[in-house]
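In: Any chance you could fold what I've pasted below:
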Amino acid sequence: MMLKVTEYPTFKETVISKKLASGLNVVILPKSGFVRKSATLVVPFGSLSHKVKLSETEVATFPPGTAHFLEHMLFETTHENNSRKFALLGASVNAYTTYNRTAVYFSTTNGFVETLTVMFDMIMSASFTEEGIAKERAIIEKEILLYRDEPEQQLYYDLIKLMYPNHPIHYDIAGSEETIKEIDTELLKKAYAAFYHPQAMLLVLSGDFAIEETLFAIENHPLNQKERVFANPQSLFEIDEEMENREISRYYDSLTDLVLVGVKLKPLISAQEEDIALQELKLSLLIDNLFGKSTPIFKKLQASRIVNNAYDINVACDKEFAYLTFFTETKKCEKTIVAFKSMIEAIRNTAIDGEEFAIQKKKLLGGFVQVFDSVSRANAMLSEYYLRNIDVFRLIEAIDKLDKQDLESLKDEIAFGAVACVCYKRKQKRKVKRLEEKR
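Out: The predicted model follows:
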């Protein structure tokens, strides 16, 4: 297959793409004159891949934390230190797992092809010995315990469990001490065979390098020469329609109370990925315009000491779930929850500030464009969007065409969304009276 070259004159960028004979999709962002080069290999295996259809007759269940565990195992071998091999080439390597993907990435100023070869070698030679699994399980258990000491993260998962009790979005990406005990050699081999296949993966490259030479090396690496059957795994989900319980209150070791309020929105089951991405950005613009830190509503809440500068609002949209959240530290937990609920209920009567919207949109567009000044940041963004078959430049153009009327229709959906609340109250310290010893 010939190279597909797409020019984006408005952005002064070019994207080159090619699907290799092995099925691997390669996306290249040439950056002439840049010293640093970056590569990201993305696998569509994340925490949402819990129940997975592998064939007409087989449905596999991967315990929560499997994708993250497998990411750890990529760097674990019985005879070599993979991280050291990257370091010897002057490359900085890392990996991460999210709800929908695992990514291995590196950046370097040295030999690009040599470092890519090390990355492909590492993926291809992944081994799952009992000794290695036990070692990584101990490391991940420590990670889980560390996360447990982060109240904001626990607050988030408590809220998601309220809103989505049946959907795997509520699982911690790292899993739990119980679920990672279920992960063994057979399970990891099954997950690896299903998802770590060239036909499932995406490779994003950015920088100034010899494109033809690099593609030749990639195509001829054994990972892309070895013939393997592709299962084309399909993740299976249950759509959560209603929430049984909508509030949680706990006592926690914290200096102040923490409040997280969520609004459960309708999932965009039949929408195209580009429309879902645009919907998420529209919701973010709307919520920031009405309730962001520059709004009169926020200033009033802050003056009443109902919120502080830790106040934050977030939006997430996908085919199977969609929600927005309001977070703050507070010393008036109940009043804060009432205030957040009132904001949500009154949203239909809250006017969009046109001038502020214009500023927001410019800031958002500027943020997208600035990403391309860094090959590492560009890679991270392109890998996220291209994995979902989203042309990021078309998405930017769609944002530019938005006006405030495009946000009005979202108000009703938010106003009628199901609301869930989680409050972590600080533990009250007991006053200890000193007792004098009787002489």
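
In: contacts and neighbour counts: CA atoms only from here.
Out: OK.

In: where does residue 127 fall, phi/psi-wise?
Out: For residue 127, the backbone dihedrals are phi -120, psi 150 (criterion: degrees, to the nearest 10).

In: List the residues that contact the most centrally placed residue in the chain.
Out: Nearest to the geometric centre of the chain sits residue 98, at 4.5 Å (Cα atoms, centre = their mean). Listed by Cα atoms under 8 Å, 6 or more residues apart in numbering, the contact partners of residue 98 are 46, 47, 173.

In: can you put those in CSV and add neighbour count, distance to residue 21 and pLDDT?
Out: Listed next are these as CSV, based on neighbours: other Cα atoms under 10 Å; distance: Cα to Cα, whole Å; pLDDT from 0 to 100:
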residue, neighbour count, distance to residue 21, pLDDT
46, 22, 25, 97
47, 26, 29, 96
173, 22, 33, 96
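
In: Dump those residues into a markdown table; add secondary structure as well.
Out: Listed next are the contacts of residue 98 as a markdown table, based on DSSP: H, G, I helix; E, B strand; the rest coil:
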| residue | secondary structure |
| --- | --- |
| 46 | coil |
| 47 | coil |
| 173 | coil |
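
In: any idea which helix or strand comes after the strand or helix carrying residue 96?
Out: If you go by DSSP states H and E, residue 96 is part of strand 92-97. Next along the chain after strand 92-97, taking DSSP H and E as the criterion, comes strand 102-108.

In: residues of stretch 252-259 that come out buried?
Out: Neighbour counts over stretch 252-259 (16 or more other Cα atoms under 10 Å) mark 252, 256, 257, 258, 259 as buried.

In: can you give me the offset of that stretch from its chain's centre?
Out: Remark: stretch 252-259 is offset 26 Å from the chain centroid, using Cα atoms, centre = their mean, to the nearest Å.

In: picking that back up, relative to strand 102-108, how tilted is the strand holding residue 96?
Out: Here the directions of strand 92-97 and strand 102-108 differ by 160 degrees (axes from the mean of the first three to the mean of the last three Cα atoms, to 10 degrees).

In: Please work out the average pLDDT along strand 92-97.
Out: Confidence over strand 92-97 (mean pLDDT, whole number) is 96.

In: Can we start the residue count at 139 from this point?
Out: Okay, residue one is now 139; in that scheme the one you just asked about reads as strand 230-235.

In: Packing partners of that strand?
Out: helix 204-212, helix 220-226, strand 240-246 (3 or more Cα pairs under 8 Å, 6 or more residues apart in numbering; DSSP states H and E).

In: change it to 6 Å
Out: strand 240-246 (3 or more Cα pairs under 6 Å, 6 or more residues apart in numbering; DSSP states H and E).

In: helices or strands up against the strand it packs on?
Out: Using 3+ Cα pairs under 6 Å, 6+ apart, strand 240-246 sits against strand 175-181, strand 230-235.

In: Distance across stretch 206-225, terminal residue to terminal residue?
Out: Length of stretch 206-225, first residue to last, Cα to Cα, to the nearest Å: 23 Å.

In: what is the rounded mean pLDDT of that stretch?
Out: 84.

In: Could you double-check that residue 449 lies in contact with residue 466?
Out: Yes - counting by Cα atoms under 6 Å, residue 449 does reach residue 466; the two are 4.2 Å apart.

In: neighbour-wise, which of those two wins?
Out: More neighbours surround residue 466 than the other of residue 449 and residue 466, with 21 against 18 (other Cα atoms under 10 Å).

In: part of a strand, is that one?
Out: Yes - according to three-state DSSP, residue 466 belongs to a strand.

In: residues touching it, list them.
Out: By Cα atoms under 6 Å, 6 or more residues apart in numbering, the contact set of residue 466 is 397, 445, 448, 449.

In: repeat for residue 279
Out: If you count contacts by Cα under 6 Å, 6+ apart, then residue 279 has residue 315 around it.

In: Specify the local secondary structure of it.
Out: helix.

In: What's the per-residue pLDDT of it here?
Out: With respect to pLDDT, residue 279 has a value of 96.

In: same check, this time on residue 392
Out: Looking at residue 392, the pLDDT reads 77.

In: For residue 399, give its distance to residue 441.
Out: 20 Å.

In: For these two, work out which one has more neighbours and name it.
Out: A count of neighbours by other Cα under 10 Å puts residue 399 above the other of residue 399 and residue 441, at 24 against 11.

In: Could you pull up the contacting residues of the more buried one?
Out: Per Cα under 6 Å, 6+ apart, neighbours of residue 399: 463, 464, 558, 559.

In: what is the closest residue in space to residue 140 that isn't next to it in sequence paired to in the beta sheet?
Out: Once flanking residues are discounted, residue 140 sits nearest to residue 156: 7.0 Å by Cα to Cα, 6 or more residues apart in numbering. Beta-bridge pairing for residue 156 (DSSP bridges): residue 164.

In: Next, count neighbours for residue 156.
Out: 17.

In: For residue 554, give me phi and psi.
Out: Dihedral angles for residue 554 - degrees, to the nearest 10 - are phi -100, psi 10.

In: What count of nearby residues applies to it?
Out: With other Cα under 10 Å as criterion, residue 554 counts 13.

In: per-residue confidence at it?
Out: 91.

In: do residue 561 as well
Out: 95.

In: How is the chain partitioned into domains?
Out: The record's domain split for the chain, according to automatic domain parsing, is 142-374, 385-490+542-564.

In: Export only the CA atoms of stretch 414-423, formatted as PDB.
Out: C-alpha atoms of stretch 414-423 as PDB (Å, rounded to 0.1, in the frame of the first residue of the first chain):
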ATOM      1  CA  ILE A 414     -18.500  12.000  20.600                       C
ATOM      2  CA  ALA A 415     -15.200  13.900  20.900                       C
ATOM      3  CA  LEU A 416     -16.900  17.200  19.800                       C
ATOM      4  CA  GLN A 417     -19.700  16.600  22.300                       C
ATOM      5  CA  GLU A 418     -17.300  16.300  25.100                       C
ATOM      6  CA  LEU A 419     -15.600  19.500  24.200                       C
ATOM      7  CA  LYS A 420     -18.900  21.300  23.800                       C
ATOM      8  CA  LEU A 421     -20.000  20.100  27.300                       C
ATOM      9  CA  SER A 422     -16.600  21.300  28.700                       C
ATOM     10  CA  LEU A 423     -17.100  24.700  27.100                       C
END
